[in-house]
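Visitor: okay, sequence plus prediction incoming.
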Amino acid sequence: TDARRAIALAPTFGKAHARLGQSLYFLKDYDGAVAAYEDAIYYEPDNVITKTYLEKAKTKQQRQREKAMLRSSASRGGGEEVSVLTAESSVQQTVVNSVVTDPYA
């Protein structure tokens, strides 16, 4: 990509690292995006915008990891927990509907 080429030509150019981070973010490579944004901040420590994007990438990275853990847990037999939570939510919704529609409740 252009950002990688820019980094190769000028490795201390923080904006090139930030652009790489942005590209990787939109490709949903949050690990790569976080690393690139951290490099950008290393070279431009006062860049508030890059710091903001780094935090967004870290949030997405964490969510991505949590989803992967849930999928992994479900594939190893952890699916019962998900179904129990779904059942509890269903029961709670039924109770709410009963209270709302029952004039004597």
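Guide: Nice, I can see it. In this text, all values refer to a predicted model and were calculated from it rather than measured experimentally.
Visitor: now residue 39: how far from residue 22?
Guide: Distance from residue 39 to residue 22, counting by CB to CB, to the nearest Å: 13 Å. Every residue, glycine included, has its C-beta placed from N, CA and C.
Visitor: output the lowest mean pLDDT helix or strand found in the chain.
Guide: In the chain, no helix or strand scores lower on mean pLDDT, DSSP states H and E than helix 79-101, which sits at a mean of 45.
Visitor: number of nearby residues for residue 39?
Guide: 20 (other CB atoms under 10 Å).
Visitor: contact partners for it?
Guide: Contact analysis of residue 39 by CB atoms under 8 Å, 6 or more residues apart in numbering lists 14, 17.
Visitor: what bits of this structure have low per-residue confidence?
Guide: By pLDDT under 70, the low-scoring segments of the chain are 1, 77-105.
Visitor: any idea which helix is longest in it?
Guide: Longest helix in the chain by number of residues (criterion: DSSP state H): helix 48-73.
Visitor: so what's the residue nearest the centre of the chain closest to, chain neighbours aside?
Guide: Nearest to the geometric centre of the chain sits residue 60, at 1.3 Å (CA atoms, centre = their mean). Leaving aside its sequence neighbours, residue 60 sits nearest to residue 30 (CB to CB, 6 or more residues apart in numbering; 4.7 Å).
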